[in-house]
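A.B. asks: Okay, predicted coordinates and the sequence, questions at the end:
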Amino acid sequence: MEGRIITSQKEGITLTARLMAHYRAQESKLENPLIIDPFAKLLAGDLSTYLKNHIRVSKMDYPIVRSYYIENRLLEQWCRSHKKSQIVLLGSGLDTRAYRFQPLRENHHIIFEIDQEGVNNYKKRIMTPFKPLCKLKRISSNLNSFEWIKALKKEDYNLNIPTFWILEGLLYYLRKETVRALLTEISRISTLNSQIFADMCIPIYAEVKVGPFSKYFKWGLDKNKIPEFFKNSQWNVSCKWADTYDRGRDVGQKGLIFIVGTKMTDKQ
Ligand SMILES: C[S@@+](CC[C@H](N)C(=O)[O-])C[C@H]1O[C@@H](n2cnc3c(N)ncnc32)[C@H](O)[C@@H]1O
């Protein structure tokens, strides 16, 4: 499991989830932001002491470019082109698309947010006063096991409509074997043409172990090996360096990869 810090609320909450919210809060203040997240500052909370001692990670463009890519290249089109769909955020952290991403108002979508209990409880408490733009279900689970799939099915997951799986900032925190099984499990409950987004790092990123992120990376995969890895679970994907979409930002010097694809067959 990732590094934890204790918040003033005496809860364990994943540091990386709060840092992601912090980056979105910073981005939202820029004159021409790539994304605007009005809830991010509230969710990030006060990280000033931590950031004073970790100046190198006080700003990070990669998660912002990743969010921008997902929202503008994939999710907007998905919401507009599907009359009824489900969007599952695995390792959803403090993501607030359910509350701020306007295309969700169109057609009928349901968002499932799945993360650890501590993260979800913290988020629930802060987000309670706000109304989501679409139906929202939150499931607390450890993604190292697949209990959450049962919970998902109990919580209105529909086996007969397309799903957009968003695995954003997640795969390198799980073991390779877990990811292999995870991709197969989600494939089993996905209709033909369901969509997937994930990101991955090259192996060296998982080996250097510096800072609050790569310190916890368990593995990486070379870009040319990714399509085969996903194909084994019936996902037909293509890979692009995050740098292709950097918009002038620093996104990792060809070390981080965006993976996009669709389910090759109907449910197995
Ligand atoms: C880097 S954060 C990304 C959060 C969110 N997707 C975003 O972009 O803001 C990684 C998230 O994955 C979750 N995570 C990592 N390992 C997990 C596990 N084994 N079970 C459940 N959640 C996990 C963490 O709690 C954290 O919220």
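C.D. replies: Structure's in. What do you need? Numbering: from 1, shown residues only.
A.B. asks: Around the ligand, which positions in this protein sit nearby?
C.D. replies: Taking C-beta under 6 Å from any ligand atom, the part of the chain that reaches the ligand is made up of 1-2, 14, 16-17, 20, 63, 91-95, 115-116, 119, 142-144, 168-170, 173-174. Placement of C-beta: from N, CA and C, glycine included.
A.B. asks: Mind checking which of those land in strands?
C.D. replies: Counting by DSSP state E, the residues of the chain next to the ligand place T14, D115 in strands.
A.B. asks: In ChimeraX, how would I select just the buried ones from the residues of the chain next to the ligand?
C.D. replies: In ChimeraX, this line selects whichever of the residues of the chain next to the ligand come out buried by 16 or more other C-beta atoms under 10 Å:
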select :2,14,16,17,20,63,91,92,93,94,95,115,116,119,143,168,169,170,173,174
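A.B. asks: Output the below-cut-off pLDDT ranges for the chain.
C.D. replies: Applying pLDDT under 70 to the chain picks out residues 1-13, 267-268.
A.B. asks: can you list the domain ranges for it.
C.D. replies: Domain segmentation of the chain under automatic domain parsing yields 4-57, 62-263.
A.B. asks: now, of the ones you listed, which is deepest in the fold?
C.D. replies: domain 62-263 (a mean of 18; mean count of other C-beta atoms under 10 Å).
A.B. asks: For Y122, give its distance to A17.
C.D. replies: To A17, Y122 is 9 Å away according to C-beta to C-beta, to the nearest Å.
A.B. asks: For those two, list the residues in contact with both.
C.D. replies: L94 (C-beta atoms under 8 Å, 6 or more residues apart in numbering).
A.B. asks: Which of the residues of the chain next to the ligand fall in helices?
C.D. replies: Mapping the residues of the chain next to the ligand onto helices (DSSP state H) picks out T16, A17, M20, P63, V119.
A.B. asks: any idea which helix or strand carries K218?
C.D. replies: According to DSSP states H and E, K218 maps onto no helix or strand at all.
A.B. asks: got a list of what it touches?
C.D. replies: Per C-beta under 8 Å, 6+ apart, neighbours of K218: Y172, Y173, L174, R175, K176, A206.
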